[in-house]
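Novice: got a predicted model here, sequence first, then my questions.
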Amino acid sequence: MYTEPTTFSAEEYFATQLPPPTLQQDVARVKEFVETHAKEARGVVLVTSGGTTVPLELNVVRFLDNFSAGTRGATSAEYFLKAGYAVIFMHRQFSLQPFSRHYSHSTNPFLDFLEIEEREGETTPTISVTPTKREHLLDVLSMYKKVHRAGTLHTLTFVTVNDYLWLLRAVCQEMSVLGRKGLFYLAAAVSDFFLPRQKMSEHKIQSGKGSLRIEMDQVPKILKPLVDEWTKEGFIVSFKLETDDKLLIPKARQALERYGHQVVIGNDLHRRKFEVVFVSRKNNSIDGTSSPSFEEHWIRIALPEDHHGPVHEGKEIEEDIVAELLRRHTAWIEKGNTTSP
Ligand code: PMT
């Protein structure tokens with residue numbers, strides 16, 4: 001099974017790996033969505049969310065995966081919608097989604113607060129909501145219905161890292177017509193390693209040979225073409241996840257230097273629900289004559305008592321993250337208006 005690793009540029013990647021079968025129809029729908037909202041001069045944000053899988057076989061039985069549940073992406077998408085943005089929510093199939101996320105965890109399953117009432121004289125029982133849960137459900141449901149009536153949420157799904165890369169490129173290219181009004185919020189946890197299809201076993205890997213040794217290739221650094229070619233004027237926010245605090249700011253700065261985009265949001269695996277750091281270039285300008293200087297802006301919310309639970313009904317850090325980004329995105333759009341001829 002062992003084969004020497006190959007280094008793929010983004011170009012080589014797309015020239016050698018196959019697109020997902022639904023790509024064309026997905027892109028046609030995104031194009032329509034973007035055109036509608038561009039006409040209405042609405043800001044459009046792409047939110048990527050959830051983890052990616054890395055299949056080990058062409059007829060896939062086994063795959064590698066990661067921890068991301070899609071909480072950051074689904075929660076942020078809701079706050080972008082509340083702020084009046086149109087949202088392209090590109091998420092890992094079966095990860096959390098805006099609105100339904102409140103009720104899809106095992107700690108808060110919606111079936112637990114529905115009641116069955118048998119009324120005298122009526123043959124069909126009535127279903128009602130437990131009174132203590134009604135107010136919260138009404139808020140969520142009202143917002144969900146409003147968003148659907150307004151047509152401001154468009155959902156796309158991916159599973160593998162290959163699906164993700166093809167979709168990301170196509171969506172960014174469609175969004176480039178938005179110029180500075182396009183916002184890119186890349187919260188997905190994307191695998192850094194993959195097995196090219198040319199090196200994959202066609203059928204299920206057999207266990208008869210004992211141990212298994214696989215050397216994976218590196219997924220090309222996709223932020224480079226995204227910033228330089230796919231969507232040149234968009235406001236791009238990437239994330240950096242670390243488990244060692246000391247690496248968070250140096251790695252975020254390194255990403256800004258390497259890719260030249262606007263913001264990296266750093267988060268620690270265990271503190272990510274109540275602490276993040278925005279790292280950006282001072283004045284958001286790239287000064288070619290001197291080494292770039294950076295600034296950090298921390299956002300913290302009070303630690304909830306049960307912070308290990310997946311859902312808490314108190315303050316969510318994404319509310320403050322999105323508010324801060326809206327301020328920066330507006331400034332970015334205004335700056336474009338003053339510098340354009
Ligand atoms: O989903 P949750 O459980 O709520 O968790 C949220 C999160 C911790 C996953 C999220 O907040 C986060 O930090 N996501 C990025 C994780 C990360 O460290 O990504 P990275 O260093 O591999 O990638 C850097 C950035 O480039 C990320 O914005 C990523 O989405 C993007 N990327 C990376 C590789 C690639 N091939 N394509 C990309 O777009």
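Specialist: Perfect, I can see it now.

Novice: poorly predicted segments of the stretch 201-341 of the chain, please.
Specialist: The model of the stretch 201-341 of the chain has pLDDT under 70 over residues 284-291, 304-313, 339-341.

Novice: and it, which of its residues are near the ligand?
Specialist: Residues of the stretch 201-341 of the chain found near the ligand (CB under 6 Å from any ligand atom) are 219, 222-223, 238-241, 267, 272. Backbone N, C-alpha and C define where each C-beta goes, glycine included.

Novice: what segments of the protein are helices?
Specialist: All helices of the chain, identified by DSSP state H, fall at 10-16, 23-39, 71-82, 131-150, 161-175, 223-225, 245-259, 317-339.

Novice: those helices into CSV, with extra columns for mean neighbour count?
Specialist: Formatted as CSV, the helices of the chain follow (neighbours: other CB atoms under 10 Å):
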stretch, mean neighbour count
helix 10-16, 14
helix 23-39, 16
helix 71-82, 24
helix 131-150, 13
helix 161-175, 22
helix 223-225, 18
helix 245-259, 16
helix 317-339, 16
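
Novice: who's in contact with the residue in the chain sticking out farthest from the centre?
Specialist: Distance from the C-alpha centroid of the chain, by CA atoms, centre = their mean, peaks at Gly121 (50.8 Å). For Gly121, no residue meets the contact criterion (CB atoms under 8 Å, 6 or more residues apart in numbering).

Novice: same question for the one 5 residues further on.
Specialist: By CB under 8 Å, 6+ apart, Thr126 lies in contact with 116-117, 119.

Novice: how much space between it and Ser100?
Specialist: 23 Å (CB to CB, to the nearest Å).

Novice: who is the spatially most central residue of the chain paired with across the strands?
Specialist: The chain has Thr48 as the residue nearest its centroid, 2.1 Å off, counting by CA atoms, centre = their mean. Taking DSSP bridges, one obtains Met90, Leu186 as the residues bridged to Thr48.

Novice: quick check: it vs the ligand, distance?
Specialist: 6 Å (CB to the nearest ligand atom, to the nearest Å).

Novice: wait, that residue touches Met90, no?
Specialist: Yes - using CB atoms under 8 Å, Thr48 is in contact with Met90, at 5.0 Å.

Novice: mutual contacts of those two, please.
Specialist: By the contact definition CB under 8 Å, 6+ apart, Thr48 and Met90 are jointly contacted by 164, 168, 188.

Novice: could you restrict these to the ones contacting the ligand?
Specialist: 168, 188.

Novice: of the shared contacts of Thr48 and Met90, which is the nearest to the ligand?
Specialist: Ala188 (4.4 Å; CB to the nearest ligand atom).

Novice: how about that closest one, what does it touch?
Specialist: So Ala188 contacts 48-52, 68, 73, 90-92, 164 (CB under 8 Å, 6+ apart).

Novice: give me phi/psi at it?
Specialist: phi -70, psi 150 (degrees, to the nearest 10).

Novice: for it, give its distance to Glu117.
Specialist: 43 Å.

Novice: same check on Pro220?
Specialist: Taking CB to CB, one finds Pro220 at 58 Å from Glu117.

Novice: neighbour count for those two, which is higher?
Specialist: Pro220 (18 against 9; other CB atoms under 10 Å).

Novice: and the more buried one, how far from Tyr13?
Specialist: 5 Å.

Novice: before we move on, what about Ser280?
Specialist: 29 Å.

Novice: and for Arg42?
Specialist: With CB to CB as the criterion, Arg42 and Tyr13 are 33 Å apart.

Novice: what's the answer for Val54, then?
Specialist: 14 Å.

Novice: and if you look at Thr155?
Specialist: Using CB to CB, Thr155 is found at 25 Å from Tyr13.

Novice: repeat for His136
Specialist: Taken as CB to CB, the span from His136 to Tyr13 is 44 Å.

Novice: quick one: name the residues of the stretch 1-150 of the chain near the ligand.
Specialist: Residues of the stretch 1-150 of the chain found near the ligand (CB under 6 Å from any ligand atom) are 48, 68-72.

Novice: just put the residues you listed in a markdown table and tack on pLDDT.
Specialist: Shown next, in a markdown table, are these (pLDDT from 0 to 100):
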| residue | pLDDT |
| --- | --- |
| Thr48 | 98 |
| Ser68 | 96 |
| Ala69 | 95 |
| Gly70 | 97 |
| Thr71 | 96 |
| Arg72 | 98 |
